[in-house]
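# got a predicted structure plus its sequence, pasted below:
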Amino acid sequence: MDTLQLDFREAMAHVSAPVTVITTTVDGVPHGSTVSAFASLSITPPMVFLALDNRGSLVDRIRSTRRFGVNVLAADQAAVAMRFATPGIPDRFEGLAWHDDHGLPRLDQTVAWLRCDDVTFAAGGDHTVLLGTVAAAATTPRDSLTYYLRQFGSAGAAISSGDAQ
């Protein structure tokens, strides 16, 4: 990496990010990967965007299915995040609590679930950007997992705008 890439990488480490597992199913087999480049995009229509590394196989699998699930992980699910981020695990779902939700793998005990049934793809350097139209959304009252300074943490208690100075 050159100096700019190293400086950029360090700057981005200072940006707190949500931790998600993006999932899809191909020929009855569940697939997923940990993603922290994720955010809401639009309310009307409800849309999200995320970025998938081009070196992984998930982007091609989602290209074939044209749909994906977003599992927003809870603060106590760092091990799940690591499992889906680690290459070479033959079945990342083995031993995990999950279920089928309209043909997509949905992990249990997550903070939020989004089902995206319409996807647009765009080039983004060494990643592919996915714009997903949300067909269903659900939440549970739990703290979410974050990634900051290359470490997992928790979003913790929100500060009301009246408390900020």
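Now that the structure is in, tell me what you want to look at.
# residue 30 and residue 52: what is the separation?
Separation of residue 30 from residue 52 (C-beta to C-beta, to the nearest Å) stands at 16 Å. C-beta coordinates here come from the backbone N, C-alpha and C atoms, glycine included.
# the two: which has the busier surroundings?
residue 52 (23 against 18; other C-beta atoms under 10 Å).
# could you give me the average pLDDT of whichever strand or helix holds that one?
Per DSSP states H and E: residue 52 is located in strand 47-53. Regarding strand 47-53, the rounded mean pLDDT is 97.
# now do the buried residues in that strand.
47-52 (16 or more other C-beta atoms under 10 Å).
# just stretch 8-25 next, same as before
17-25.
# so what touches the helix ranked longest in the chain?
The residue-count maximum for a helix in the chain (DSSP state H) belongs to helix 3-13. Helix 3-13 is touched from outside by 1, 148-150, with contacts defined as C-beta atoms under 8 Å, 6 or more residues apart in numbering.
# quick one, grab the pLDDT at residue 91.
For residue 91, the predicted pLDDT is 95.
# tell me if I'm right that residue 147 and residue 16 touch.
Yes. Using C-beta atoms under 8 Å, residue 147 is in contact with residue 16, at 7.3 Å.
# who touches both of the two?
Joint contacts of residue 147 and residue 16 (C-beta under 8 Å, 6+ apart) are residue 153.
# sorry, back to before: make TSV out of the buried residues of strand 47-53 and add distance to residue 114.
Shown next, in TSV, are these (distance: C-beta to C-beta, whole Å):
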residue	distance to residue 114
47	10
48	6
49	12
50	10
51	16
52	15
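# among those residues, which two are most distant?
47 and 52 (16.3 Å; C-beta to C-beta).
# the spatially most central residue of the chain and residue 34: what is the separation?
Using C-alpha atoms, centre = their mean, the residue of the chain that lies closest to the mean C-alpha position is residue 20, 2.8 Å off. Separation of residue 20 from residue 34 (C-beta to C-beta) stands at 7 Å.
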